[in-house]
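A.B. asks: Sequence first, then the predicted structure:
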Amino acid sequence: SPKGQTRTLTNQTVNETPQLPIKQTKIPLFDLALLSSCSEIEELGLDRLKQELIERGLKCGGSLQERANRLFLIKDLRRSEYPMKIRGKKFVPF
């Protein structure tokens, strides 16, 4: 069938318009050195904190406060110094 048309197959309507892939843009990591308290980190919001934790290879669940505490804990640490208890399953200490 030509592009954009529909046809019926066994009582189902199929849209044949090609679907474009959703392009996800990667947000650059936030510079934790700019923040001086957990409450400032919390202002980034749950979703952004989750993204920050995932990108750093850390556990990403929990409340807003737990996520902010995890990020604040690593503020002045090199990646290889991150505490074992907050590292995620796919953590790579490079």
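C.D. replies: Structure received.
A.B. asks: for this protein, what spans make up the helices?
C.D. replies: In the chain, helices defined by DSSP state H lie at 38-42, 46-55, 64-73, listed in chain order.
A.B. asks: K89: which of those is closest?
C.D. replies: helix 46-55 (11.1 Å; C-beta to C-beta). (Glycine included, C-beta is placed from N, CA and C.)
A.B. asks: What separation do you get for R56 and L29?
C.D. replies: 7 Å (C-beta to C-beta, to the nearest Å).
A.B. asks: And the two? Which one has more around it.
C.D. replies: Counted by other C-beta atoms under 10 Å, R56 and L29 do not tie: R56 has more neighbours, with 19 against 10.
A.B. asks: residue contacts, the more buried one?
C.D. replies: Contact partners of R56, counting by C-beta atoms under 8 Å, 6 or more residues apart in numbering, are 29, 71, 74, 79, 82.
A.B. asks: which residues touch the most centrally placed residue in the chain?
C.D. replies: Geometric centre of the chain, nearest residue: Q51, 2.6 Å, by C-alpha atoms, centre = their mean. Contacts for Q51 (C-beta under 8 Å, 6+ apart) come out as I27.
A.B. asks: Find me the pLDDT at it, would you?
C.D. replies: Q51 is assigned 95 on the pLDDT scale.
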